[in-house]
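Q: Sequence and predicted structure below; questions after.
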Amino acid sequence: MRDIRKMILVTAPDALIEERQKLTVTLRPEQLHRVMEELRRDETIPYDYLISLTGMDWGDTLGVIYQLSSSADLTREIIVITSTANRTDPLLYSVSDLYETAQLNEREVYALFGIRFINNPDMRRFLLNDQWKGFPFRKDYTHDPVVNPVTVISSDIVDIAPRIRETAGGDLVEESVAIFDEDDYIINIGPQHPSTHGVMHFRTTLDGEIVKKVDVHSGYIHRGIEKLCENMTYPQMLHLTDRLDYLSANINRHALCMCIEKAADIAVPARAQYIRTIMDELQRISSHLLAWAAHCNDLGGTTAFIYGMREREHILDIFDKTCGGRLIVNQNVVGGVMFDIYPDFQKDVKAFIPYMRRQLIEYDHFFSHNAIALGRLVDIGHLSREDAISYGVTGPAGRASGWSCDVRRYKPYALYDKVEFKEILRTDGDSYARYMNRLDEIAQSLHIIEQLIDRIPPGEVCTKVKPVIRLPEGQFFQSVETGKGEFGVFIESRGEKTPYRVKFRSPSLSAVSAIPLICKGSFLSDLIGIAGSMDFVIPDIDR
Amino acid sequence: MLIYSQPLEVTQILDTVDQFLRTHLSPGMVSLSKGILTGLLLLVAYAVIALALIYIERKVAAFFQARLGPNRLGKYGVFQSLADMIKILIKEIIPINKADQLLFFAASFFVIIASLLAFGAIPFGMDLHAIDFNLGVFYLLAVSSLGVIGILLAGWSSNNKYSMIGAMRSGAQFISYELSAGFSLMTIVVLSGTLQFSEIIEGQRYCWNLFNGHLPAVVAFVIYLISGHAETNRGPFDLPEAESELTAGYHTEYSGLQFGFFYLSEYLNMFIVAAVATTMFLGGWMPVQIKGWEAFNQVMWVIPSWAWFIGKVGVMIFLSLWVRWSFPRLRIDLLLNLEWKYLLPINLVNLLVMVIIVLSGFTLTELFPAFFGR
Amino acid sequence: MSFSSYIQGIFTGLRSLAGGMRITWREFRTAKVTMEYPENRKTLAISDRWRSELIMPHDEQNEHACTACGICMINCPNDTINVISATTDTIDGKKKKILDKHLWDYGSCTFCNLCVITCPSDAIIFNNDFEGAVYDRKKLVHQLNHEGSKLREKKGEPVKVTREGTTDKANRQE
């Protein structure tokens, strides 16, 4: 840690380095790119994984918080903060040349905060359309519907990307570039398409059946959840996390609860920890089952879809008996869980485990070894380890590229340091590796549940928490491993009963940002298959 | 030929109708009214079979998928496809602004007429045969390949990119698999020595072609099933429709009855493929006959020939559904690989083997004339 | 590609496909999982904890436990609950707040259960009657207190109505 501080101080002598919840570095905008480059290119521990990029409005200044980690040692994290006082035309330097994942994230920050990034090759708005007036996440934004009326007139998509380039001489040049060539055959995959798993929109150019370029349009179900959270108390916020990645609803909520609990120093009873861990793993199995089912359906195996849904039903039954919800489970609350397990919980879960194991063997015979399925999966959509890290693709997809990135292992939470499980790693990086990783992770999740199910201690399931929770002033981070990858929560508190800013790090956004890279040059059919293997959930991207 | 009692055959009814017409009409009018009656009967059969198949497909698919399928309308939902037909008949046909109107309109007719022409050439039972060409197999291959024109037209005239890709895929797929289907039927033509359906069936009285030609016939049978399946654009070869990729492929823009035509013809093509497989390989409408077992043969003839035909076709259709609901979809390059690198070379070798076997007398009928000879 | 691997490829492929067909054949004969709703209405087991419709339990005297404190309304993240209170004079001449209408909008509720767990008098609960569909959106707004009902008088200790931080509702609604 010492070295990092020295290194930063050499490049930026007036950097402010603080030891907050994480090591936090505050920089002037013009120092940012050089420091980030140093961190990125470090030889021993390169900070090559940009976990999240958060736009901020601190009232007088606008800025960005970068949360960095290293693929060599995921336990290390650095928070880099930079800001600009110019609110009319804020400009910051882009880090998209260092981290590919920054590309879409910077576009999102531009849409929501109005900060433009110099040298980002494509500065269109992400999540919002071009006609949107104002920057909704700024604190001085007016909600008046007169400013942004609901329009019933559809407008054409403009495929021209503005950008700001810095010349060698240091001058800033504003220019616009066309996304597609004039005679490109553009086909819209989405926003209403059976296989985009929601309202995703891929603008795809084809050469025959070969995909030349994919342009990701998203935001069709952007609800501004992060902004909504700013007007809600901490217990109220919780129910929105279930509506991000609804397939990992329980795990998302777990992350936010833990973030609040850590910040407010609330202890969680042991029984609640057991229930949380078991529920998380059940949720992971259900998420992977749905991913498997939907992926098979994308490849044309309709029957497999029904089988996957059938098995998932058993988990949902356990969920609705435990906490009265199936998709939106609503189980975690600050300080524990809302409902204790029901009397037959252990019996039901123990009956499910052998059943699921039998079904996994059936899946193998039915689909995993099928000659047609192999032809559709093996050596398709290759994502290298370096790209996975640069795009921030975590979860089963990242691990299929050989990147050991399981948050449960590197930053254990709940009971994950007490149970034994194997991190499934494959090095092929193709669709088949991602597909198989999910099935293998189901087996591992069953193994984890098996270790915990008989050892649930008696006692309280929730500590008494004051009705109004106030977090101390500061910035708080928490990561968890959802079915899709690393899900992060960031809260900036000013000591009030509502947060000042909330940011959710979405694993699906990273997955979808890698789609243009890995689909290039493959068949149109494989675009669908690869998208299925990346397993993204649209509400998680749009938030 | 009619040496056994056949209480359920429709031959008598046909004769009665024939007599009735002859006594009341002039010879020219007899042919004309017979033509009209046959046409009407075929059309009705076409619609009824398609509706039945749609119901069967939904029910069987559901059972493969651990579901129950249609179960609301009538006992076990048997009237479901009837209700669907009524719905599709009264649905609005939505005009497409920038489509090529004439071709768009014509496409659905091309598809349905092609399958109807092929449908007319099928021998449904003893004497239940609209036309018995001496070039029956050739005629069938010729008219069934017309359907792809309709699909190409539909895709092109819709002015929709999904439709266009679907139609192009369909063209590539259809032309490729037509070859295999043709060659595998050729193999059986070599074995039977005729192109006429009635003679092919008669030749299989004591030994189905599938067994008569043993190894090459079995290979030809498998290849015909695969390529026939591919020709009907059904999963795992449903690339032209490819629901998860192209929403509905070449018929994305069609609605109402026009869509209904595509829908009907898809099911009828499945029936035609199964019927041809039955006729060429499994003895057609001919009941199971064993040489020398006269009592047994007589019992078999009690079951009418059309029931034998429907039974055999049913088995073939079930096989097709079973395949469809078990496998994921192929990709276009895998599809063409399968045809050009596997099916076609095997088929050519197979045809050669069949010729050698027939010439050297290694068929079952010639090896064991006592058991299988005509 | 050598000739033997070509032939081998054909057979491995066919074997894998046959394996898939064996699975579907087995499924073809196993029991189906379809639930035939509404025929199975009588036997349909809905979890007791299922959150479907917010209700205010009333006893035989048509009395409920709601003191019209409005905590549920404040805690609701969606403004789904609207507690309309009235004031009456008690026998000893004091003004007292009583419940006039407890309105809950089925249409905008997210079933987060915050109202139930924060209610100091345990006056409202979710039931598991899931068949709440109606033809008119207006009918989705339920009045939870019955006509003519009144607050159940607690014997012994009075119901605790105030809790920290329940006063600034106006602040939140801005």
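A: Perfect, thanks for sending it.
Q: Going by C-alpha atoms from here, please, whenever you check contacts or count neighbours.
A: Fine.
Q: In contact with residue B:132, which residues?
A: When contacts are counted by CA atoms under 8 Å, 6 or more residues apart in numbering or on different chains, residue B:132 touches B:121, B:196, B:197, B:198.
Q: Report the residue spans of chain A with pLDDT below the cut-off.
A: Across chain A, the ranges flagged by pLDDT under 70 are A:1-2.
Q: By residue count, tell me the biggest helix in it.
A: helix A:270-298 (DSSP state H).
Q: elements contacting the helix or strand where residue C:15 lies?
A: For residue C:15, the element it lies in under DSSP states H and E is helix C:3-29. Other elements packing on helix C:3-29 under the criterion 3 or more CA pairs under 8 Å, 6 or more residues apart in numbering or on different chains; DSSP states H and E are helix A:371-377, helix B:27-64, helix B:305-324.
Q: coming back round to it: out of the contacts of residue B:132, who has the most neighbours?
A: For the contacts of residue B:132, the largest number of neighbours (other CA atoms under 10 Å in any protein chain shown) sits with residue B:197, at 25 neighbours.
Q: Let's test this: what are the backbone torsions at that residue?
A: phi -60, psi -40 (degrees, to the nearest 10).
Q: Hmm, residue B:277 and it touching each other?
A: No - counting by CA atoms under 8 Å, residue B:197 sits too far from residue B:277 to count as a contact (11.7 Å).
Q: Would you agree residue A:100 is in contact with residue A:391?
A: Yes - taking CA under 8 Å as the definition, residue A:100 is a contact partner of residue A:391 at 5.0 Å.
Q: Among those two, which residue is more densely surrounded?
A: residue A:391 (27 against 21).
Q: now that one: how far from residue A:517?
A: 10 Å (CA to CA, to the nearest Å).
Q: Assign a three-state SS to residue C:99, would you?
A: strand (DSSP: H, G, I helix; E, B strand; the rest coil).
Q: ok, now which ones touch it?
A: Contacts of residue C:99 by CA under 8 Å, 6+ apart are C:66, C:67, C:68, C:83, C:84, C:85, C:86, C:150, C:151.
Q: Spell out which helix or strand contains the fifth one, please.
A: Using DSSP H and E, the secondary-structure element containing residue C:84 is strand C:81-89.
Q: tell me what that strand is packed against?
A: So strand C:81-89, by 3+ CA pairs under 8 Å, 6+ apart, packs with helix C:71-75, strand C:95-105.
Q: In CSV: those, plus distance to residue A:292 and mean pLDDT.
A: As requested, those are arranged in CSV below (distance: least, CA to CA, whole Å; pLDDT from 0 to 100):
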stretch, distance to residue A:292, mean pLDDT
helix C:71-75, 38, 87
strand C:95-105, 37, 83
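Q: Return the most buried member of the ones you listed.
A: helix C:71-75 (a mean of 25; mean count of other CA atoms under 10 Å in any protein chain shown).
Q: who touches it?
A: Helix C:71-75 is contacted from outside by A:236, C:79-83, C:114-116, C:118-119, C:166, C:169, using CA under 8 Å, 6+ apart.
Q: Adding neighbour count as columns, could you present these in a markdown table?
A: Output for these, formatted as a markdown table (neighbours: other CA atoms under 10 Å in any protein chain shown):
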| residue | neighbour count |
| --- | --- |
| A:236 | 18 |
| C:79 | 15 |
| C:80 | 20 |
| C:81 | 26 |
| C:82 | 18 |
| C:83 | 22 |
| C:114 | 20 |
| C:115 | 24 |
| C:116 | 20 |
| C:118 | 17 |
| C:119 | 20 |
| C:166 | 16 |
| C:169 | 14 |
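Q: now, among the contacts of residue B:132, which is nearest to chain C?
A: Chain C lies nearest to residue B:197 out of the contacts of residue B:132, by CA to the nearest CA, at 31.4 Å.
Q: Contacts only, for whichever residue of chain A sits closest to chain C.
A: Chain C sits closest to residue A:324 of chain A, with a gap of 3.6 Å, by CA to the nearest CA. By CA under 8 Å, 6+ apart, residue A:324 lies in contact with C:47, C:48, C:49, C:50, C:51.
Q: Using the three-state scheme, assign the residue nearest to it when sequence neighbours are not counted.
A: Among residues not flanking residue A:324 along the chain, residue C:50 sits closest, at 3.6 Å (CA to CA, 6 or more residues apart in numbering or on different chains). Assigned with three-state DSSP, residue C:50 falls in the coil class.
Q: Spell out which parts of chain B neighbour chain C.
A: B:63, B:64, B:65, B:66, B:67, B:68, B:322, B:323, B:325, B:326, B:327 (CA under 8 Å from any CA of the partner chain).
Q: can you name the two of these that are farthest apart?
A: B:68 and B:327 (20.1 Å; CA to CA).
Q: More neighbours: those two, which one.
A: More neighbours surround residue B:327 than the other of residue B:68 and residue B:327, with 28 against 21 (other CA under 10 Å).
Q: wait, is that one part of a helix?
A: No - counting by three-state DSSP, residue B:327 is not part of a helix but coil.
Q: Surely it and residue C:20 touch.
A: Yes - Residue B:327 is within contact range of residue C:20, at 7.4 Å (criterion: CA under 8 Å).
Q: which residues does residue 148 contact?
A: By default, I'm working from chain A. Contacts of residue A:148 (CA under 8 Å, 6+ apart): A:132, A:133.
Q: Not quite, go with chain C.
A: residue C:62.
Q: And for residue B:287?
A: Taking CA under 8 Å, 6+ apart as the test, what residue B:287 contacts is B:205, B:300, B:301, B:303, B:305, B:308.
Q: Contacts only, for the fifth one.
A: Residues touching residue B:305, when contacts are defined by CA under 8 Å, 6+ apart, comprise B:9, B:125, B:126, B:285, B:286, B:287.
Q: Go ahead and measure how far stretch B:331-343 is from the middle of the chain.
A: Computed by CA atoms, centre = their mean, to the nearest Å, the chain-centroid distance of stretch B:331-343 equals 23 Å.
Q: Now do the buried residues in it.
A: Buried residues in stretch B:331-343, counted by 16 or more other CA atoms under 10 Å in any protein chain shown: B:331, B:332, B:335, B:336, B:339, B:340, B:343.
Q: gap between the two ends of that stretch?
A: End-to-end distance for stretch B:331-343, by CA to CA: 16 Å.
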